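>>> Whatever this is, show me its structure:
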Amino acid sequence: MAQIKDRTTFVDFWKDEIVAKSVDINGFVEYANFEAYDAAKSPGLTSPALVLFEPEFKTIDSRSDNVQRRVDFGFWIVKKATKKNDRAEQKTLQNDCHELVEQIIGRLGYLNEEKEFFGRYHAVDNNYSPIGPVLDNHFGYEFFGSFTTGSGIIHTPAKWT
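Okay, the predicted model is just below:
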């Protein structure tokens with residue numbers, strides 16, 4: 001896996017290193033241009049699913065020549081309820097998704113400490129909370145966090161006159 005430098009490498013990271021390698025997450029969709037809504041209403045989105053939000057790229061710098069990328073990101077882990085207004089089922093789905101979010105947090109920490117290939121992630125400023133109903137009667141957890149990419153943004157003299 002390459003360093004995360006843009007939206008394409010960001011999405012590829014989530015597909016290849018999180019969803020594809022999880023034994024519990026069965027579906028993946030990006031939350032862009034209502035694709036998540038369309039997928040949730042079709043038989044194409046299996047449950048539980050990771051719904052990935054658009055990343056927000058920022059720069060951080062301590063007045064040096066080492067400008068770094070910070071990526072703010074978020075996702076939902078959701079499961080579809082089989083019944084409408086069944087509070088017990090909704091709570092069970094949310095509890096299941098809470099566990100999956102914490103599995104992802106553990107995986108991000110492992111990849112950061114053991115592999116160091118996607119960036120610097122520290123689970124100090126994450127937020128996650130229950131959601132639902134969203135999409136097509138789905139319940140679960142939303143997560144928001146950030147990481148700093150491993151490679152900085154550098155000046156390339158050959159690109160300038």
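
>>> When you work out contacts or count neighbours from here on, use the C-alpha atoms and nothing else.
OK.

>>> Partner strands of the longest strand belonging to the chain, with direction?
Longest strand of the chain, by residue count under DSSP state E: strand 68-80. In the sheet, strand 68-80 lines up against strand 49-53 (antiparallel), strand 56-60 (antiparallel), strand 138-148 (antiparallel) (DSSP bridges).

>>> For residue 84, find the nearest of the ones you listed.
strand 138-148 (10.1 Å; CA to CA).

>>> got the contact list for the closest one?
68-81, 90, 93-98, 101, 119-123, 125-133 (CA atoms under 8 Å, 6 or more residues apart in numbering).

>>> Pick out the residue nearest the middle of this structure.
With distances taken as CA atoms, centre = their mean, the chain has residue 75 as the residue nearest its mean C-alpha position (4.4 Å).

>>> Now it. Nearest residue, chain neighbours left out?
By the measure of CA to CA, 6 or more residues apart in numbering, the closest residue to residue 75 outside its immediate chain neighbours is residue 52, 4.5 Å from it.

>>> what do you get for residue 84?
residue 137 (7.4 Å).

>>> Wait, the one you found touches residue 86, no?
No. Counting by CA atoms under 8 Å, residue 137 stays clear of residue 86, with 10.8 Å between them.

>>> higher neighbour count, those two?
residue 137 (18 against 10; other CA atoms under 10 Å).

>>> And the more buried one, its phi and psi?
phi 60, psi 40 (degrees, to the nearest 10).

>>> what's the answer for residue 21, then?
Per degrees, to the nearest 10, the backbone of residue 21 is at phi -100, psi 0.

>>> for it, what are its contacts?
Per CA under 8 Å, 6+ apart, neighbours of residue 21: none.

>>> Could you do residue 30 as well?
36, 51, 52, 53, 54.
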